[in-house]
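**Q** Here is my input, please return the structure:
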Amino acid sequence: MTLNKYKITFFGTPDIAVIVLEELKKANIIPTLIITAPDKPKGRKLIMTPPPVKIWALKNNIIAMQPEKLDDNVLNMLSKGNYDLFIVASYGKILKKELIEIPKYKTINVHPSLLPKLRGASPVISAILRDEKKTGVTIILIDEGMDSGPILEQKVIDFSDNPKWPLKASALGKILAIEGGKMLTEIIPKWIAGKIKPKTQVHKKATFTKKIKKEDGLINLDDKPYKNLLKIRGFEEWPTAYFFMEKNNKKIRVKITDATLENGDLKIKTVIPEGKKQMDYEDFLR
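**A** Numbers count the residues shown, from 1 in each chain. Alright, predicted model coming up:
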């Protein structure tokens with residue numbers, strides 16, 4: 001089946017969505033249109049910065065739209081496009097029923113967890129925080145609920161014997177995104193050919209994740225070392241695990257950027273003290 005003849009719209013925003021796009025590209029599954037989040041101010045100077053998916057789209061000469069809302073104007077535009085399939089990967093917004101039903105072959109989503117477990121906004125971080133060594137990727141047909149649609153395919157990835165567990169969020173996210181992209185390349189031809197029968201999720205077994213807030217990164221250094229390590233690894237990208245410390249008669253926030261366990265104790269390696277650059281923790285304590 002020649003897939004590049006199909007009109008596909010891809011919804012996605014962060015780096016892990018770019019990884020999915022790269023896997024699709026390798027299989028010659030190229031979106032006709034990409035919808036991503038608007039540019040946002042970033043850094044201390046608040047420079048307007050495009051999301052990673054927009055940068056990828058521009059490099060690959062694909063039209064990218066950045067609507068603030070998926071309103072009627074967007075809906076009407078997509079309705080007139082004769083699209084065959086919508087693909088969603090970490091877009092960041094909930095899609096309306098009217099939108100997901102536009103394409104001939106509906107809308108599919110790549111979700112980095114073993115649904116119905118870890119539905120919601122933070123499945124990768126939550127897998128680490130909950131020490132769920134057995135995780136994976138699920139491809140679903142999107143419905144009106146939150147990650148509740150019927151399953152097209154699912155793959156388990158077990159880190160139980162991986163000495164590097166708990167992985168950092170970026171590392172786990174990359175592994176799951178690569179696998180999700182590869183799964184899409186296998187699923188899409190079968191789905192379009194009518195060779196896949198969606199399976200209803202066991203909703204009573206669903207677990208949920210939440211949107212991570214900055215204050216979630218606060219840790220108590222007196223907590224169990226392994227619990228803190230899970231937070232440090234899970235919150236690696238956002239919001240970064242941190243604690244407060246009195247230094248020079250001033251209370252400062254200290255972000256932990258790297259840590260490990262040594263003989264059962266938490267060994268903090270590098271930190272970013274408030275207002276300073278990253279440094280070795282031992283240098284900071286001097």
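**Q** Dump stretch 21-32 to CSV, keeping only the CA atoms.
**A** Coordinates of each C-alpha in stretch 21-32 appear next as CSV, following Å, rounded to 0.1, in the frame of the first residue of the first chain:
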residue,chain,number,x,y,z
LEU,A,21,7.2,12.2,13.0
GLU,A,22,10.7,11.0,12.1
GLU,A,23,9.6,7.3,12.4
LEU,A,24,6.7,8.1,10.1
LYS,A,25,9.0,9.8,7.6
LYS,A,26,11.3,6.8,7.5
ALA,A,27,8.2,4.8,6.3
ASN,A,28,7.3,7.4,3.8
ILE,A,29,4.2,8.4,5.7
ILE,A,30,4.3,12.1,5.3
PRO,A,31,1.6,14.4,6.8
THR,A,32,0.0,16.8,4.4
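**Q** Check the offset of it from the chain's centre.
**A** Distance of stretch 21-32 from the chain centroid (Cα atoms, centre = their mean, to the nearest Å) equals 18 Å.
**Q** Mind listing what's buried along it?
**A** Neighbour counts over stretch 21-32 (16 or more other Cβ atoms under 10 Å) mark 21, 23-24, 27, 29-32 as buried. C-beta coordinates here come from the backbone N, C-alpha and C atoms, glycine included.
**Q** So for it, mean pLDDT?
**A** For stretch 21-32, the mean per-residue pLDDT is 97.
**Q** Could you do stretch 152-170 as well?
**A** Stretch 152-170 carries an average pLDDT of 97.
**Q** quick one on the thing from earlier: would you mind listing the two of the buried residues of stretch 21-32 that lie farthest apart?
**A** For the buried residues of stretch 21-32, the farthest-apart pair by Cβ to Cβ is 23 and 32; their separation is 17.6 Å.
**Q** what packs against the lowest-mean-pLDDT helix or strand in the chain?
**A** Using mean pLDDT, DSSP states H and E, strand 40-42 stands out as the lowest-scoring helix or strand of the chain, at a mean of 91. Applying 3 or more Cβ pairs under 8 Å, 6 or more residues apart in numbering; DSSP states H and E, we find strand 40-42 packed against strand 47-49.
**Q** Show me what the strand it packs on is in contact with.
**A** 39-43 (Cβ atoms under 8 Å, 6 or more residues apart in numbering).
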